[in-house]
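K.L.:
Got a predicted structure plus its sequence, pasted below:
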Number of protein chains: 2
Amino acid sequence: MLNKGQSEEELFTFLSRKKREDIDHDFILSSMCTIPHSVAVRAHCMFMETNLGDPGLFPGTYSLERLLIRRFGSLFHCAEAGGYATSGGTESNIQALRLAKVQKSGTRSPNVIVPESAHFSFKKACDILGLEMRRAPVGKDYRMDAEKAASLVDKHTIAIVGVAGTTEYGMVDPIANLAKIAQQHDLFFHVDAAFGGMVIPFLDRPVPFDFALPGVTTIAVDPHKMGMSTIPCGCLLTRDPGLLTTLNIETPYLTVKQEFTLGGTRPGAPVAGALAVLDYLGTEGMRAVVAGCMKNTGRLIAGMETLGFPQAATPDVNVATFVCPEDAVPGPWRVSWTRRKHLRIVCMPHVHAGRIEAFLKDMGELHA
Amino acid sequence: MLNKGQSEEELFTFLSRKKREDIDHDFILSSMCTIPHSVAVRAHCMFMETNLGDPGLFPGTYSLERLLIRRFGSLFHCAEAGGYATSGGTESNIQALRLAKVQKSGTRSPNVIVPESAHFSFKKACDILGLEMRRAPVGKDYRMDAEKAASLVDKHTIAIVGVAGTTEYGMVDPIANLAKIAQQHDLFFHVDAAFGGMVIPFLDRPVPFDFALPGVTTIAVDPHKMGMSTIPCGCLLTRDPGLLTTLNIETPYLTVKQEFTLGGTRPGAPVAGALAVLDYLGTEGMRAVVAGCMKNTGRLIAGMETLGFPQAATPDVNVATFVCPEDAVPGPWRVSWTRRKHLRIVCMPHVHAGRIEAFLKDMGELHA
């Protein structure tokens, strides 16, 4: 049985204490999530009880999801793209490979080619879907080697995956080359832009990674990362607006009769939050956010190099990595380490210029 | 590209208009979700930015997830049960079958036996995991026929699924018999109590459905249904506290090194919300909520029968079904229909006594 019940005051005193045990975002340098934008929080609260799993009951909220997909379609050079709001990059990546598997359902012992730098969610997806995962090596620049990827293709290959903004080094794979290879072999080509999809379009010189490249089939992008939305909000975009219906299953007793999503009940609140940020900031606002993050990344790299910690890669997006011993980072700071043991810092919007200077100061004092 | 950006006032005028297009909960009689409890909303807002996908950054929030699992373990007669907070019943059901598949990884052409009344998420799960789904028929009482389920077992069977509170008719399958059958054949036995798990324990005469039965391996329960939490919050419980680690994959660059969840980034906010409701209401509070919903269900059935619409089943939980033509329900009310074309109404907490009377009045006037 449960406890005997508490007063609201007792309960929130307890919850506040627990909240204070969480790490202060001022010291979180390792996360691809950030403090949500105030308009995202306000919109989230307004749509708190909505359920996109039963869209006929929430036609207003559902229209926001369609608008969010339209915004990303337009941003990614395919205004008519299909798609839906997922629980995040992992669901988007699972669903993309599920689509590839259905499209090539005649293929025995199907395999998928991913860069060795791919996010661990692809391991999860391949395990679940019964796909062989072939890892293509990255070059010295930590980008997927397109030629070596091509050499892994055989008649059992159903899909190639490229990453636009890798989790570890912030690199964009050679998406244009990979798209050509995918087209040559008639393969499904999924771009994991969970992080980079909200960065690259707003850079001064964006590298091609989206539906502007004819070979790109699907794109994952996460508003709850650089989109400063509330968690959970990812999006899966499909060039073919009808592609997702190939995953349809029957859904009796709902207001819709079929469903292609991975989840059933789905929160509308973070979708409203994601759209709110895009529509509030617009192109210029997002450019300013991204420019700030990139400037801070550059400042961090320059400062660390001055302290004797050279960068491990020249990143395409706001992820900085360094040659640095594991005991070199002082106390309250939370950083992370790549599989190759490089120090990794993600310059998210909450890691503003003042925090970078504070971190460099602490590093400088420790290594004076 | 995006639009040019909006003022916060313009944006929220637009969002408010969209919100008004959603159906008023006063008229939603078809949903297993409800308006979240005020303490859930307050707790949700307090933990808005937390990410359980990286628990080392949010140790306070993570401890709330552990407490939530402990509450359900205790409620379900296995204080040491393992588990985690999922995105809802679908993820819980997918993960349960994934666990079964790993446990019986030597089985060729594996199959799973589910009642024909099982939620459509099992179709999704079997499609994704490459499992054959065998549907056991239900009896006249809409409960799974345990003998017929047993007759479907063969050497390729890896799991049986029983439902405690079916989506369509609110029935509890003969879980005790199914648990025995599962034990006899050494099968994984998953109980989908997504709806009933927060109802049955609080009834005057609870039917056995949980870990008190030795054969039960895992249980799905959804706080975002009768737990009055915010969306998304489901839970998967495992009798063996270490079972989930069989799904572990490596997770470099996080504060934890391995992960068994389906999703990556996971919201802490609805988990705090779910725990808040349980701890605020306690056993007596939940009993009162459930008693109210059951009383309203009884009143609705009595009222409908008086109007000439007999009940289709005598439900175990707060789902009422009726023999009733599809055009018999007037305008603003949102009801749903089972696959057998019975009118279906879920008496959730937001469907309070006044709404039942208003619905019966409208039905009476239309059919006077």
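P.N.:
Received it, and whenever you're ready, just let me know what you need. Numbers count the residues shown, from 1 in each chain, chains lettered A, B, ... in the order given.
K.L.:
From here on, just use CA atoms for contacts and neighbour counts.
P.N.:
Will do.
K.L.:
of all of the stretch 151-300 of chain A, which residue lies closest to chain B?
P.N.:
A:Gly282 (3.8 Å; C-alpha to the nearest C-alpha).
K.L.:
Next, give phi and psi for that residue.
P.N.:
When read as degrees, to the nearest 10, the backbone of A:Gly282 gives phi 60, psi -180.
K.L.:
Could you do A:Thr107 as well?
P.N.:
With angles defined as degrees, to the nearest 10, A:Thr107 sits at phi -80, psi 120.
K.L.:
again with the one 4 residues further on
P.N.:
Summarising the backbone geometry of A:Asn111 under the convention degrees, to the nearest 10, its torsions are phi -130, psi 160.
K.L.:
That one and A:Ile160 touch, don't they?
P.N.:
No. With contact defined as C-alpha atoms under 8 Å, A:Asn111 does not reach A:Ile160; the gap is 9.2 Å.
K.L.:
neighbour count winner among the two?
P.N.:
Neighbour count, other C-alpha atoms under 10 Å in any protein chain shown: between A:Asn111 and A:Ile160, A:Ile160 has more, with 27 against 23.
K.L.:
so what's that one bridging to?
P.N.:
A:Ile113, A:Phe189 (DSSP bridges).
K.L.:
any residues touching the helix or strand where A:Val102 lies, and which ones?
P.N.:
For A:Val102, the host element (DSSP states H and E) is helix A:89-103. Outside helix A:89-103, the residues that touch it by C-alpha atoms under 8 Å, 6 or more residues apart in numbering or on different chains are A:86, A:110, A:121-122, A:124-126, A:129, A:158-159, A:188, A:190, A:192, A:194, A:218, A:220-222, A:234-236, A:243-244, A:246-247, A:262, B:128, B:262-264.
K.L.:
list the buried ones in it?
P.N.:
A:89-101, A:103 (16 or more other C-alpha atoms under 10 Å in any protein chain shown).
K.L.:
got it, and stretch A:125-132?
P.N.:
A:125-132.
K.L.:
A:Arg71 contacts B:Leu2, doesn't it?
P.N.:
Yes. Between A:Arg71 and B:Leu2 there is a contact under C-alpha under 8 Å: 6.3 Å.
K.L.:
Kindly export the helix holding A:Val102 (C-alpha atoms) in PDB.
P.N.:
What follows is helix A:89-103, C-alpha atoms only, in PDB (Å, rounded to 0.1, in the frame of the first residue of the first chain):
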ATOM      1  CA  GLY A  89      16.300  11.500 -30.900                       C
ATOM      2  CA  THR A  90      16.200   7.900 -29.800                       C
ATOM      3  CA  GLU A  91      12.600   7.400 -30.900                       C
ATOM      4  CA  SER A  92      13.200   9.300 -34.100                       C
ATOM      5  CA  ASN A  93      16.200   7.100 -35.000                       C
ATOM      6  CA  ILE A  94      14.300   3.900 -34.100                       C
ATOM      7  CA  GLN A  95      11.400   5.000 -36.300                       C
ATOM      8  CA  ALA A  96      13.700   5.900 -39.200                       C
ATOM      9  CA  LEU A  97      15.300   2.500 -39.200                       C
ATOM     10  CA  ARG A  98      11.800   0.900 -38.800                       C
ATOM     11  CA  LEU A  99      10.700   2.800 -41.900                       C
ATOM     12  CA  ALA A 100      13.800   1.600 -43.800                       C
ATOM     13  CA  LYS A 101      13.100  -2.000 -42.700                       C
ATOM     14  CA  VAL A 102       9.500  -1.800 -43.900                       C
ATOM     15  CA  GLN A 103      10.600  -0.300 -47.200                       C
END
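K.L.:
Please list the members of the contacts of helix A:89-103 that lie in strands.
P.N.:
A:86, A:158-159, A:188, A:190, A:192, A:218, A:220-221, A:234-236 (DSSP state E).
K.L.:
of all the residues you listed, which comes closest to B:Pro36?
P.N.:
Within the ones in strands among the contacts of helix A:89-103, proximity to B:Pro36 (C-alpha to C-alpha) peaks at A:Thr86, which comes in at 21.5 Å.
K.L.:
So what pairs up with the closest one in the strands?
P.N.:
Those that pair with A:Thr86 in a beta bridge, by DSSP bridges, are A:Gly234.
K.L.:
Count the neighbours of it for me.
P.N.:
Using other C-alpha under 10 Å: A:Thr86 sits among 25 other residues.
K.L.:
how close does it sit to B:Lys361?
P.N.:
41 Å (C-alpha to C-alpha, to the nearest Å).
K.L.:
Are we agreed that A:Leu178 is in a helix?
P.N.:
Yes. Under DSSP: H, G, I helix; E, B strand; the rest coil, A:Leu178 sits within a helix.
K.L.:
For it, list the residues it contacts.
P.N.:
If you count contacts by C-alpha under 8 Å, 6+ apart, A:Leu178 has them with A:146, A:160, A:162.
K.L.:
what separates the second one from A:Ala220, distance-wise?
P.N.:
Think A:Ile160. 14 Å.
K.L.:
likewise A:Ala291?
P.N.:
22 Å.
K.L.:
Which one's more surrounded, the two?
P.N.:
A direct count of neighbours by other C-alpha under 10 Å for A:Ala291 and A:Ala220 places A:Ala220 higher, at 30 against 17.
K.L.:
tell me which element A:Gly83 is part of?
P.N.:
With DSSP H and E as the test, A:Gly83 turns up in strand A:82-86.
K.L.:
Okay, and the beta partners of A:Leu343?
P.N.:
The partner residues for A:Leu343, given DSSP bridges, come to A:Phe322, A:Trp337.
K.L.:
quick revisit: contact partners for the residue of the stretch 151-300 of chain A closest to chain B?
P.N.:
B:2-6.
K.L.:
From those residues, list the buried ones, please.
P.N.:
In the contacts of A:Gly282, burial by neighbour count holds for B:2, B:5-6, counting by 16+ other C-alpha under 10 Å.
K.L.:
So which of these is the closest to chain A?
P.N.:
Nearest to chain A among the buried ones among the contacts of A:Gly282, counting by C-alpha to the nearest C-alpha, is B:Gly5 at 3.8 Å.
K.L.:
looking at it, the closest one is touching A:Val277, isn't it?
P.N.:
No. Counting by C-alpha under 8 Å, B:Gly5 stays clear of A:Val277, with 9.2 Å between them.
K.L.:
on that earlier part again, and the angle for the helix holding A:Val102 with strand A:188-192?
P.N.:
Angle of helix A:89-103 versus strand A:188-192, following axes from the mean of the first three to the mean of the last three C-alpha atoms, to 10 degrees, is 180 degrees.
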